[in-house]
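Q: let's see this in three dimensions:
(chains A and B)
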Amino acid sequence: MLITLSQLVIGAVDLLAAFLLMFGLWRMASPVTAPSGILVAGIGMVAAILASFLYMFTVGAAAKPHLPVNIGLAVVALLLGTGIAWWTGRRVAVTAMPQAVALFNGMGGGAAAAIAAVELFGVETHAAVQLSVTLLGALIGSISLSGSIIAWAKLERLLDKPLHVPGLQVFNGALLLLAFALGGYIVFVTTGAGKPLLPMPELVEMFLGMSLLYGIMMTLPIGGADMPVVISVFNAFTGLAVGLEGYVLQNPALMIAGMLVGAAGLLLTMLMAQGMNRSIAKILFASFGPGKKTKRGAIKGSLKPVQASDAGIFMRYAKSVLICPGYGLAVSQGQGKLFDFVKLLQAAGVIVKFAIHPVAGRMPGQMDVLLAEAGVPYELIVQLADINEEFKTTDVALVIGANDTVNPAARTDKNSPIYGMPILNADQAKKCYVVKRGDGKGYAGIVNPLFYADCTFMVYGDAAAVCVAMAEAVRGLGAPAAAA
Amino acid sequence: MNFQLSISGFTAIYLFMVTAFAGWVIIGRVPAILHTPLMSGSNFVHGIVVVGGIFALLNATAPLEQVIGFIAVLLGAGNVAGGFAVTQRMLAMFKTSGHDGASTHKHTKHPRRVTAVGSKSTSAQKT
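A: The predicted structure is shown next:
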């Protein structure tokens, strides 16, 4: 009776939760309804988690004696995990959010892999199909876990250089094949078709170890600039792993939520890859080559530094300014100061818009979030495809903390690793100011010919400090009404 | 009566197919401006894996299973809480800009309003 009632309640709550999660994502389609969307999804999640404790009434006889301990462990794990992640999630800087997403995503993948491990180490025998799905979920979840951690480390700059070892792709391919072969062998042995060479737990450990190693090895060679795409891929992976484990546990809420994210992640990844004009396969399997040092000599012109105040005043008397923000702006937390400067320009009658590259920052849409935080109205934030033609008729392009996304080498230099990526046509504006901390290269490690162009002037300094200096200079000119 | 669910064979594949399609359609209509919160939001959604972790842990019979189950719940809970906290913070930022122009937002397309917000910006001229 109690078992049936528990199953009924769990089934009903999970159904509701699955609906709320989908509905929540549905509401995320517009900035106005999105905050309520995440809240709706959150309610569904809490309900599903609370209801899942009713499983205590459904456990089999073998697990009954362990139940008090298991419940205690579950509560502790839940509180501990929630507490730590909540605390981290609330405190993490806006600039570090991509890393945080990578880390939390890795946790989900790890959880899916751990569930699979519990099933695999468990004593009960499984049917071949169920076992295969469990193994596949474990493989994908493990890759997502270890890969996400590497992605996190790269974005945190703990791992700076992409790994380039000749034959690495061959090694990775062999590793993955081996993992698949081992998985096949585990299924073969468990279904009673033969005697295992090693005890079962050891085979499973080897399988999980290989999967984790593959996640690390596949992420190491990928350059930092491609990390957003990688995070998105792992997001889809985790979703898929969760969906597969949901099948193993016969839990439709997990199946639906996991598959939903799997498909969403795939689409998002494709949109991102499209934005960079590179195929997903190329990003994942053909790493950026080391930058060619000979290129520097081929660039004509020189870097022309100017004062921030001069740049500010020039823009004050321009007709139109297009701003290309990049990660440097995020790092210096200069978005508010930049918008203050923009408001001064607008007061003086200058038409100002923000041109957003799809992969500006370390995550698609990171600049949108950042500018929204500063209070920039949506209307002024325009995506690459809609604004790129306007550079030709624009007086000033202000590149602030961006580099690779405005690098004309992507258009012309076939040897450049970013060749073919659509870029913001900042070089087509009549004049271009580049705000930069130093002469360093961009995240992709490529020289940018735009900085050496005749119409380009460099403003060295921290993005936030430069914005303040430019605003001061414009304010120093007096009331806008006084100007002609 | 028995409320034990059983989804097997083609039923599971049908469920996966329909859900994948739904996910594709739902995400396809989200404007590019929301892609970061969306990634974080979908990251939160797969945190439901914690439910599976709790199920596995409650059914654990050996110390090894208990340890791995504990890790599963711990990681899953982290996925849920962290995903929610980050997503909610990102979306709150969009709220503060206080614009109701959302209805005009289509995927990657944004209104081509050239004119700057004149009346607003003059009031912003402080100091």
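Q: top helix in chain B by residue count?
A: In chain B, ranked by residue count with DSSP state H as the criterion, the top helix is helix B:63-96.
Q: quick one: buried residues of that one?
A: For helix B:63-96, a neighbour-count test (16 or more other CB atoms under 10 Å in any protein chain shown) marks B:65-91, B:93-94 as buried. Heads up, the C-betas are built off the backbone N, CA and C, glycines and all.
Q: what about chain A: which of those touch it?
A: Among these, the residues that sit close to chain A (CB under 8 Å from any CB of the partner chain) are B:65-66, B:68-91, B:93-94.
Q: distance from the chain centre to stretch A:56-76, please.
A: 37 Å (CA atoms, centre = their mean, to the nearest Å).
Q: helix or strand: which one has A:V468?
A: Taking DSSP states H and E as the definition, A:V468 sits inside helix A:463-476.
Q: that helix close to chain B?
A: Yes - judged by CB under 8 Å from any CB, helix A:463-476 comes into contact with chain B at A:R475.
Q: contacting residues around A:M200?
A: Residues counted as contacts of A:M200 (CB atoms under 8 Å, 6 or more residues apart in numbering or on different chains) are A:I186, A:V189, A:T190.
Q: how far away is it from A:A113?
A: 17 Å (CB to CB, to the nearest Å).
Q: helix or strand right after the helix or strand hosting A:L20?
A: For A:L20, the host element (DSSP H and E) is helix A:2-27. Using DSSP H and E, the helix or strand that follows helix A:2-27 towards the C-terminus is helix A:34-52.
Q: could you check the angle whichever helix or strand comes after that next one makes with helix B:63-96?
A: Under the assignment DSSP H and E, the closest C-terminal helix or strand after helix A:34-52 is helix A:67-91. In terms of direction (axes from the mean of the first three to the mean of the last three CA atoms, to 10 degrees), helix A:67-91 departs from helix B:63-96 by 30 degrees.
Q: what's helix A:67-91 packed up against?
A: helix A:97-121, helix B:49-58, helix B:63-96 (3 or more CB pairs under 8 Å, 6 or more residues apart in numbering or on different chains; DSSP states H and E).
Q: mind listing what the residue nearest to A:V376 when sequence neighbours are not counted touches?
A: Counting by CB to CB, 6 or more residues apart in numbering or on different chains, A:F339 is the residue found nearest to A:V376 once chain neighbours are left out, at 5.4 Å. Each residue near A:F339 by CB under 8 Å, 6+ apart is listed here: A:L371, A:A374, A:G375, A:V376.
Q: mind checking which helix or strand A:F339 is in?
A: Per DSSP H and E: helix A:335-347 holds A:F339.
Q: returning to what we had before: reformat the contacts of A:M200 as a markdown table; add distance to A:S148.
A: Converted to a markdown table, these look like this (distance: CB to CB, whole Å):
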| residue | distance to A:S148 |
| --- | --- |
| A:I186 | 25 |
| A:V189 | 31 |
| A:T190 | 29 |
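Q: sort these by pLDDT and name the bottom one.
A: Within the contacts of A:M200, the minimum per-residue pLDDT falls on A:T190 (79).
Q: relative to chain B, how far out is that residue?
A: 17 Å (CB to the nearest CB, to the nearest Å).
Q: I'd say that residue and A:Q130 touch.
A: No - if you go by CB atoms under 8 Å, A:T190 and A:Q130 don't touch, sitting 10.3 Å apart.
Q: so for these two, which sits in the more crowded spot?
A: A:T190 (19 against 16; other CB atoms under 10 Å in any protein chain shown).
Q: from A:L39, how far out is B:V49?
A: 21 Å.
Q: which parts of the stretch 201-350 of chain A sit against chain B?
A: A:231-232, A:235, A:238-239, A:242-243, A:245-247, A:249-268, A:271-272, A:340, A:343-344, A:346-347, A:350.
Q: which stretches of chain B aren't confidently modelled?
A: Residue ranges of chain B with pLDDT under 70: B:1-5, B:94-127.
Q: how about a cut-off of 90?
A: Along chain B, segments meeting pLDDT under 90 span B:1-11, B:24-39, B:60-62, B:64, B:89-127.
Q: contact partners for A:L176?
A: By CB under 8 Å, 6+ apart, the contact set of A:L176 is A:Y214.
Q: and the longest helix along chain A, what does it pack against?
A: Longest helix in chain A, counting residues (DSSP H): helix A:128-155. Packing partners of helix A:128-155 (3+ CB pairs under 8 Å, 6+ apart): helix A:97-121, helix A:168-188, helix A:200-219, helix A:227-248.
Q: redo these as CSV? Include distance to B:F44.
A: Formatted as CSV, the entries for the helices and strands packed on helix A:128-155 read as follows, by distance: least, CB to CB, whole Å:
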stretch, distance to B:F44
helix A:97-121, 8
helix A:168-188, 29
helix A:200-219, 21
helix A:227-248, 11
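Q: and of those, who's closest to A:S142?
A: helix A:200-219 (3.5 Å; CB to CB).
Q: and residue 40, how many neighbours?
A: Unless you meant another one, I'm taking chain A. 21.
Q: my question was about chain B
A: By other CB under 10 Å, neighbour count at B:S40 equals 31.
Q: was I right about it contacting B:G83?
A: Yes - counting by CB under 8 Å, B:G83 is a contact partner of B:S40 at 6.3 Å.
Q: got any residues that touch both of these two?
A: A:V101.
Q: look at A:F288 and report its pLDDT.
A: 46.
Q: can you tell me the closest non-neighbouring residue to residue 20?
A: Answering for chain A, as no chain was given. Nearest to A:L20 is A:G44, by CB to CB, 6+ apart, at 2.8 Å.
Q: ah, I was thinking of chain B
A: Using CB to CB, 6+ apart, the closest residue to B:A20 is A:A263 (4.0 Å).
Q: please apply the same query to A:D226.
A: Using CB to CB, 6+ apart, the closest residue to A:D226 is A:I283 (4.9 Å).
Q: surely that neighbour meets A:M227?
A: No - if you go by CB under 8 Å, A:I283 and A:M227 don't touch, sitting 9.9 Å apart.
Q: burial measure for the residue in the stretch 251-400 of chain A that chain B sits nearest to, as a count.
A: Taking CB to the nearest CB as the measure, the stretch 251-400 of chain A has A:A263 as its residue closest to chain B, at 3.3 Å. Residue neighbour count, defined by other CB under 10 Å, stands at 27 for A:A263.
Q: so it touches B:I27, yeah?
A: Yes - counting by CB under 8 Å, A:A263 sits close enough to B:I27 to count as a contact (7.4 Å).
Q: re the thing from before, buried set for the longest helix of chain A?
A: Per 16+ other CB under 10 Å, helix A:128-155 contains these buried residues: A:130-155.
Q: right, I'll leave it there.
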